[in-house]
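[1] Here is a sequence together with a model predicted from it:
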Amino acid sequence: MQTIVIQIEDKFVNKLEQIAQIESITTEEFAKEVLLNYLKAKLQKPDKYSFIGIGHSGKGNISSQVGEILRNGANKREGWSLNK
């Protein structure tokens with residue numbers, strides 16, 4: 001295990017300390033937990049959609065482009081819809 005030293009603005013350190021106190025853990029433990037959760041989320045493989053590829057669109061490459069199609073079709077506020 002290694003030690004990492006970082007510099008963070010005081011306002012964020014204060015928030016870390018407040019939340020750690022509420023959770024009854026040390027600030028170091030809470031910061032480690034937050035970082036590990038962030039890394040796990042970043043390293044997580046993208047979801048596989050089990051229904052992709054079961055229909056026939058007439059276009060042979062749709063199922064291989066599902067991630068891009070859904071990203072382009074999704075509205076950050078409203079989500080994804082066929083009604084564009």
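    Perfect, I can see it now. Residues are numbered from 1 along each chain as shown.
[2] What is the burial count for A31?
    For A31, the neighbour count with other C-beta atoms under 10 Å is 20. All C-beta atoms are positioned from the backbone trio N, CA, C, and that covers glycine.
[3] Pretty sure it sits against L16.
    Yes. Counting by C-beta atoms under 8 Å, A31 touches L16, with 5.7 Å between them.
[4] and the closest residue to T27 other than its chain neighbours, what pLDDT?
    Nearest residue to T27 in three dimensions, chain neighbours excluded: A20, at 4.5 Å (C-beta to C-beta, 6 or more residues apart in numbering). You'll see A20 listed with a pLDDT of 94.
[5] Q44 versus A20, what's the distance?
    A20 sits 25 Å away from Q44, going by C-beta to C-beta, to the nearest Å.
[6] Compare neighbour counts for those two and give me the winner.
    Using other C-beta under 10 Å as the criterion, A20 and Q44 rank with A20 on top: 18 against 8.
[7] pretty sure that one is touching V34, no?
    No. Taking contacts as C-beta under 8 Å, A20 lies outside contact range of V34: 9.9 Å.
[8] before we move on, back to that, residues contacting the residue nearest to T27?
    A20 is in contact with T26, T27, E29, F30, A31, counting by C-beta atoms under 8 Å, 6 or more residues apart in numbering.
[9] element containing it, please.
    Assigned by DSSP states H and E, A20 belongs to helix 10-23.
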